[in-house]
Every structure is written in structure tokens, then in C-alpha cells.
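Participant: structure for this input, please:
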Amino acid sequence: TFNKQKTNMTIGRFMPFTQGHLNMIIEGDAPCIVYRINSSKSDEDTSKIKVKGKVVKKDEIKHAIEYIDNNGDGKLSETEKEILKRPFTNALIEKELEIVKQTNKKYFVDVIYVANAYEAIADFAYKVSQGLYEPQYLMCGDDRVDTYTKMIESDKPWKTADGHECENVLKGKMTVNIGKGRTEGVSGTAVRQSIIKGDKSAFAKIMPNGADRMFDDFVAAFKTFRQTLSDTINEYINFTTLRDYITESVIDTTYKP
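Facilitator: The predicted model follows:
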């Protein structure tokens with residue numbers, strides 16, 4: 001057990017969890033609770049797609065399919081990049097994280113699945129309030145520093161998903177830390193490219209030890225997703241009139257007392 005030891009936390013969708021994420025955890029110099037933001041059921045209904053509040057255009061889906069079929073050659077719009085973040089189900093990422101956790105027990109306290117970032121920090125704060133952990137760092141990417149700093153420095157109390165409440169015991173005791181920053185050449189985009197290209201060697205270099213053996217699982221997920229996109233194009237003539245679609249799985253940092 002890591003009780004009463006300095007303990008870190010990190011939050012993310014991890015689509016998928018890369019060596020860069022693991023490096024960040026290691027650079028925190030303390031064991032870490034990993035909070036994974038699961039996709040909602042509607043997010044995983046990949047038969048229809050919406051990105052950032054806008055219905056995806058038929059041509060954007062076609063272009064995403066062409067990108068997959070051309071082994072990742074060509075340029076994508078920001079919306080098309082978002083489309084290609086969606087093949088990985090909760091079950092697939094949970095399987096990967098379990099492997100990574102077991103392979104790197106020294107650095108992992110636990111992996112906990114949540115709906116959003118607020119839920120993650122509330123859970124950690126409540127555990128701290130119960131004397132389970134001594135908070136040290138919230139490890140994150142440089143694009144999340146400001147948001148998470150405001151959250152952990154708030155004067156408002158926390159309320160967990162199961163109704164437990166506590167004062168903000170993190171304020172003044174926990175800081176945001178990005179470690180050494182992003183690992184060059186390691187990103188979710190690079191992983192997805194290696195999968196699309198069928199480059200098992202590149203995949204293994206980007207993924208943590210143990211997760212490299214899941215290459216075939218990730219390739220199969222992309223093939224299934226590509227077929228789903230194709231079915232979507234074929235099934236709907238007037239795509240923009242759809243009302244049922246998946247919403248983007250973004251990290252929800254909205255304060256929800």
C-alpha cells in the first residue's frame with residue numbers, strides 16, 4: 001500500500017495510453033492514481049458522429065476513410081483528426097491499462113474510471129480527506145495546467161459521484177506538474193498512424209512495455225471502425241438531418257458541485 005506516502009494523480013482519455021503518458025507518471029517521483037475518463041454509451045455508438053457540437057459532414061467521413069485506406073498518407077482537417085480518435089472502446093483501453101498497471105506496479109496506485117475531470121479530482125480529494133493519501137502532484141499535459149490549477153485551488157468543496165462531500169483539502173497541498181513535458185515523437189496521433197500503416201515496430205516503440213502485444217487488438221478496432229464509417233455513408237443519404245449521433249469525448253472540466 002502507498003497510504004500516507006506522497007501520491008500523485010493524472011487524468012485523461014488515453015486514446016490510447018502511450019509511453020509518453022507513462023514517462024509523465026514516472027517523472028512525478030511518486031506512485032500515481034490514474035483516472036481514465038470513459039466514453040459514454042452514446043460516444044461509443046459509432047454509427048453516427050458529431051464533433052464539437054457540429055454534425056460531421058459526409059465528405060469529412062469519406063476523407064477519413066480514404067486516409068485509412070491510403071495507409072495514413074495525406075492531410076486531415078481538425079474535424080477529420082477527431083473522427084480518427086474514436087475507434088478505441090472503453091473495453092479496449094481498460095484492457096490496455098490493466099496490462100500497463102501490472103507491468104509498472106511501482107508507479108501505479110490504481111486505475112479508476114470516471115465520467116469527467118471533476119469526478120476524478122473529487123474522488124482523489126475525498127480519499128485525501130479520509131487520510132488515505134498525501135497529495136503531491138496532479139500530472140498533466142501542458143495544455144491542461146491552467147484549468148487544473150484553477151480547479152485544485154478553488155475554495156469550493158468537492159462532491160464525489162457517489163455523494164461523498166469534503167472541503168478542498170488539495171488547496172495549498174497539491175500542485176500541477178507536467179514533468180519534462182511531452183516526449184518527442186510519442187503521441188496518440190503517432191500511435192494511430194502506426195496502426196493505420198500496420199507498422200508493428202513503430203507501435204511497439206510508442207507504447208509502454210506489455211501494451212505492444214495488443215497491436216492486433218488495436219488494428220482490429222480500426223478495421224471495425226472503418227467499416228462502421230463506410231456503413232454510415234451508405235445508410236444515410238441526408239446525413240446532416242440526423243439527430244442521434246455520438247458526442248465528442250472531451251475532458252469535462254466544468255465545476256459541478
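Participant: CA atoms for contacts and neighbours, from now on please.
Facilitator: Will do.
Participant: return the helix or strand in the chain with minimum mean pLDDT.
Facilitator: In the chain, no helix or strand scores lower on mean pLDDT, DSSP states H and E than strand 50-51, which sits at a mean of 67.
Participant: C-terminal to that one, what's the next element?
Facilitator: strand 54-55 (DSSP states H and E).
Participant: contacting residues around the helix or strand containing residue 67?
Facilitator: If you go by DSSP H and E, residue 67 is part of helix 58-69. Outside helix 58-69, the residues that touch it by Cα atoms under 8 Å, 6 or more residues apart in numbering are 73-74, 76, 79-81, 83-84, 196, 226, 229-230, 233, 239-240.
Participant: repeat that for stretch 14-29.
Facilitator: 8, 10, 31-32, 36, 85, 88, 93, 96-97, 107, 137, 139-140, 177-183, 186-188, 191, 206-208.
Participant: now do the strands in the stretch 51-200 of the chain.
Facilitator: Under the criterion DSSP state E, counting those that start in this stretch, strands of the stretch 51-200 of the chain are mapped to 54-55, 108-114, 134-139, 158-159, 165-166, 175-177.
Participant: make TSV out of those strands and add mean pLDDT and mean neighbour count.
Facilitator: Shown next, in TSV, are these (pLDDT from 0 to 100; neighbours: other Cα atoms under 10 Å):
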stretch	mean pLDDT	mean neighbour count
strand 54-55	72	15
strand 108-114	97	18
strand 134-139	97	24
strand 158-159	98	24
strand 165-166	97	18
strand 175-177	98	21
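Participant: can I get those strands in a markdown table including distance to residue 68?
Facilitator: Below are the strands of the stretch 51-200 of the chain laid out as a markdown table (distance: least, Cα to Cα, whole Å):
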| stretch | distance to residue 68 |
| --- | --- |
| strand 54-55 | 21 |
| strand 108-114 | 30 |
| strand 134-139 | 33 |
| strand 158-159 | 43 |
| strand 165-166 | 46 |
| strand 175-177 | 36 |
